[in-house]
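>>> Please work out how this folds:
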Amino acid sequence: MNKDELKGKFDQVKGKAKEKAGEMTDSPELQGEGIADQASGKVREGFGAAKRKVSDTVEDLRDDD
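Residues are numbered from 1 along each chain as shown. The predicted structure is shown next:
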């Protein structure tokens, strides 16, 4: 797991907390921020996973030489 994947997971957790806080305080703005943070976190985590897979593939190709 690389730093983008970790940051993505962190953003998702942070977003979930904001969403729940928004629900509890009846704040649609905070709830929306939470949903947006979760979506952003999923994208960043996906980017990190793709980056890691490319790096692993490049390493495998170098090892074959």
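
>>> burial count for Met24?
The local packing count at Met24 equals 10, with neighbours defined by other Cβ atoms under 10 Å. Bear in mind the C-beta positions are built from the backbone N, C-alpha and C, glycine included.

>>> which residue is nearest the middle of this protein?
Gly8 (2.1 Å; Cα atoms, centre = their mean).

>>> Check which helices and strands the top helix by length along the chain is in contact with.
With residue count as the measure and DSSP state H as the assignment, the chain has helix 28-64 as its longest helix. Helix 28-64 makes packing contacts with helix 3-24 when contacts are defined by 3 or more Cβ pairs under 8 Å, 6 or more residues apart in numbering; DSSP states H and E.

>>> Would you mark the buried spots in the helix it packs on?
4-5, 7-9, 11-12, 14-15, 18-19, 22 (16 or more other Cβ atoms under 10 Å).

>>> Please identify which of those residues is nearest to Arg44.
Gly8 (3.6 Å; Cβ to Cβ).

>>> Just confirm the closest one contacts Arg44, I think it does.
Yes. The pair Gly8 / Arg44 is scored as a contact, 3.6 Å apart, by Cβ atoms under 8 Å.

>>> and the least confident helix or strand in the chain by mean pLDDT, how far from the chain's centre?
Scoring the helices and strands of the chain by mean pLDDT, DSSP states H and E places helix 28-64 at the bottom, with a mean of 95. For helix 28-64, the distance from its own C-alpha centre to the chain's C-alpha centre is 6 Å (Cα atoms, centre = their mean, to the nearest Å).

>>> So what angle separates the directions of that helix and helix 3-24?
With axes from the mean of the first three to the mean of the last three Cα atoms, to 10 degrees applied, the angle from helix 28-64 to helix 3-24 works out at 160 degrees.

>>> buried sites along helix 28-64?
Applying 16+ other Cβ under 10 Å to helix 28-64 flags 30-31, 33-34, 37-38, 40-41, 44-45, 48 as buried.
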